[in-house]
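Trainee: Take a look and give me a structure for this.
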Amino acid sequence: MLNFIYYPVSFILWCWHWVFGHVFGESSGFAWALSVVFLVFTLRAILFKPFVGQVRSMRKMQEFAPELQKIKKKYANDKQRQAQEMQKLQSEHGVNPLGGCLPMLVQIPVFIGLFHVLRSFRPGWGEVYFFDAQGVESFVNAKLFGANLSTFITMPADQLAAFATSRNAVLLVSIPLMIIASIATHFTARHSVARQTQAAADNPQTAIMNKLTLYLFPIGVLVGGLFFPVAILLYWLSNNAWTLGQQYVVYHRIDREEETKKTEAIEQRQALAPKPGVKPRPGAKPQPGAKPGVKPGAKGVQPPAPKRVSAKAAGIKPTTPKTGATPDPKDQDAKDEPATGAAKPSTEIPGLSPDRSAGKKQGGGKKRR
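Mentor: Reported below is the predicted structural model:
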């Protein structure tokens, strides 16, 4: 039924045994133990990229966890709307909850497949998936410090005799592996919990899961070690050791990336901010039409044209010369010259050209004399 799992698992185990069998011997317990360990390392290396995605997804979910809580409170009586709003929020942040569970879900069938393959290695059993009868016999005869890799503590005495091993030998190998695997499970969970934000840790559901992973799972390893073969204990120990090292590498890598992004954001803000010690001039106002951040007189920037102001707006009153008085040219020039920024008063008569208007004025002066 699950041959699609058993055959790949047995093939990877066969490949590593072929490698270490040439070093330690085909029936060596160390060759088979290392084969199981590197089987775990191979599978976890394949799942490395999904694990990185899982960590990133968890980080993002922790960032907007308060928003999720608001949605739960707002739509507490409408579960359908609550699910829609939560899915919308997750899609906006680019988070896929199922993507974070992928590495864990994949490890479950791998564990079941390895457990079944190892339990199938029995004396006189014949072929076991990718292993022929000779390979099965090699595994049965292999011993690690006097204990066969397929034996476990609670195994019946007649089965232990069939493997030519004693219960004391199994105890001496299994108990240290159980203790070390349990401690490794606890520290792996502790390292993962320590990366959670305060908002996520305060969540009641998260607090319950943290207690389960910190204490219940390590106790489960101790209890399960009574029924797990030695090879499964090796699998559990190497899997937790890989997880602990992988978490350290991935978490520090993501921390460096986030620190780099923060540094770049700070440098960008500092570049846009005014330099220290440079203060704007008191009462200085930007010129009309000037663009923000562009200095007046800069290359390619033309100053705005002066605004024309009428004589009336500028406060200049035209003076009428006395009858018979000859106006002084200097005074006339001074009066006719507009003030700074003010336009000259218009002397044109509507309907006449400038030349005809001037001639009419001059002619009128002669008549008065």
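Trainee: For the stretch 151-300 of the chain, give me the ranges with low pLDDT.
Mentor: Within the stretch 151-300 of the chain, the ranges that satisfy pLDDT under 70 run 195-206, 273-300.
Trainee: and V170, what does it touch?
Mentor: By Cβ atoms under 8 Å, 6 or more residues apart in numbering, the residues touching V170 are A147, T151, F152, I153, M155, L160, V230. Where you see a C-beta, it was placed from the backbone N, CA and C, and this is true even at glycine.
Trainee: between those, which is nearest D78?
Mentor: Closest to D78 out of the contacts of V170 is F152 (51.4 Å), distances taken as Cβ to Cβ.
Trainee: Could you grab the helix/strand/coil label for that closest one?
Mentor: Under DSSP: H, G, I helix; E, B strand; the rest coil, the three-state class of F152 is coil.
Trainee: Contact partners for it?
Mentor: The contact partners of F152, by Cβ under 8 Å, 6+ apart, come to V170, S174, L226, F227, F228, P229, V230.
Trainee: follow-up on the earlier one: would you turn the contacts of V170 into CSV with distance to L34?
Mentor: Output for the contacts of V170, formatted as CSV (distance: Cβ to Cβ, whole Å):
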residue, distance to L34
A147, 16
T151, 18
F152, 20
I153, 23
M155, 23
L160, 24
V230, 13
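Trainee: Please identify which of those residues is nearest to N77.
Mentor: F152 (51.6 Å).
Trainee: Would you mind measuring from that closest one to P218?
Mentor: The spacing between F152 and P218, counted by Cβ to Cβ, to the nearest Å, is 19 Å.
Trainee: Same question for F145.
Mentor: 24 Å.
Trainee: between these two, who's got more neighbours?
Mentor: More neighbours surround P218 than the other of F145 and P218, with 21 against 13 (other Cβ atoms under 10 Å).
Trainee: Could you verify my assumption that that one touches T185?
Mentor: Yes. In this structure P218 lies within contact range of T185 using Cβ atoms under 8 Å: 4.6 Å.
Trainee: got a list of what the residue nearest to E26 when sequence neighbours are not counted touches?
Mentor: Leaving aside its sequence neighbours, E26 sits nearest to S138 (Cβ to Cβ, 6 or more residues apart in numbering; 4.9 Å). Contacts for S138 (Cβ under 8 Å, 6+ apart) come out as G21, E26, S27, W32.
Trainee: residues in contact with the closest residue to the last one other than its chain neighbours?
Mentor: The shortest distance from W32 to any residue that is not its chain neighbour, by Cβ to Cβ, 6+ apart, is 4.7 Å, and that residue is A142. Counting by Cβ under 8 Å, 6+ apart, A142 makes contact with S27, S28, G29, A31, W32, N148, L149.
Trainee: and the two most separated of those?
Mentor: With Cβ to Cβ as the measure, no two of the contacts of A142 lie farther apart than A31 and N148, at 13.7 Å.
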